[in-house]
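Q: Quick one: sequence and predicted model below, then my questions.
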Amino acid sequence: MSKPRGLIISLGCTILALFMLNSLSVGGIVWPPSLILTFLSGSLALLVEGAVISTLRHALDLARALELAQAAQSKSEQAEQQLGLAYEQQRQLNDLKDQFILNVSHEMRTPLTEVYGYLELLRSFQMLGSFARHLKINFPPRLFSKLPLYLLACLCT
């Protein structure tokens with residue numbers, strides 16, 4: 001709204017200045033017809049020139065806005081692409097983390113299970129030894145070395 005108003009004000013000031021200069025050059029307010037025709041054609045030329053300049057400025061502003069919009073869209077697409085890549089990398093890292101935890105869990109659980117089994121076996125041997133002492137049974141040392149086989153035979157029967 002301010003651009004057309006500024007155009008009208010500047011055009012009005014220009015016409016007023018031309019009117020005053022022509023009045024001073026003629027020596028009065030009454031002008032000859034040729035001067036009136038020249039003045040009106042000059043005013044019309046100024047009006048057309050102002051309209052053309054205003055239209056060209058508006059077209060230039062639209063072209064700049066279009067360039068800015070295209071640049072913003074390009075940056076947005078690049079950012080979206082980078083976001084997609086970052087998401088894919090995050091997903092891959094999460095999969096690797098899950099696989100690592102699964103492997104570590106398995107690798108830790110297997111030896112711990114074996115150790116636990118041996119501890120249970122030792123505890124059962126201790127219970128068997130204390131049971132044997134309670135019943136006053138003396139195992140010969142060589143039988144004690146074969147005790148796991150003896151226990152296995154007892155379990156199988």
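A: Arrived safely.

Q: Longest helix in the protein, please.
A: In the chain, assigned by DSSP state H, the helix with the most residues is helix 33-134.

Q: so where is this structure shaky, pLDDT-wise?
A: Low-confidence segments of the chain (pLDDT under 70): 1-4, 6-7, 26, 28-31, 112, 115-116, 118-119, 121-157.

Q: what's the spacing between R64 and K75?
A: Look at R64 and K75: by Cβ to Cβ, to the nearest Å, they are 16 Å apart. (Glycine included, C-beta is placed from N, CA and C.)

Q: got it, and L47?
A: 42 Å.

Q: And those two? Which one has more around it.
A: L47 (15 against 10; other Cβ atoms under 10 Å).

Q: Excluding sequence neighbours, find me the nearest residue to the more buried one.
A: L11 (6.2 Å; Cβ to Cβ, 6 or more residues apart in numbering).

Q: Could you list every helix and strand in contact with the helix or strand harbouring the one you found?
A: Assigned by DSSP states H and E, L11 belongs to helix 2-26. The contact analysis (3 or more Cβ pairs under 8 Å, 6 or more residues apart in numbering; DSSP states H and E) places helix 2-26 against helix 33-134.

Q: list the helices and strands the helix it packs on packs on?
A: helix 2-26, helix 147-156.

Q: which residues touch the first one?
A: To tie it back to what came earlier, the one meant is helix 2-26. With contact meaning Cβ atoms under 8 Å, 6 or more residues apart in numbering, helix 2-26 is reached by 29, 31-32, 35, 39, 42-43, 46-47, 50-51, 54, 57-58.
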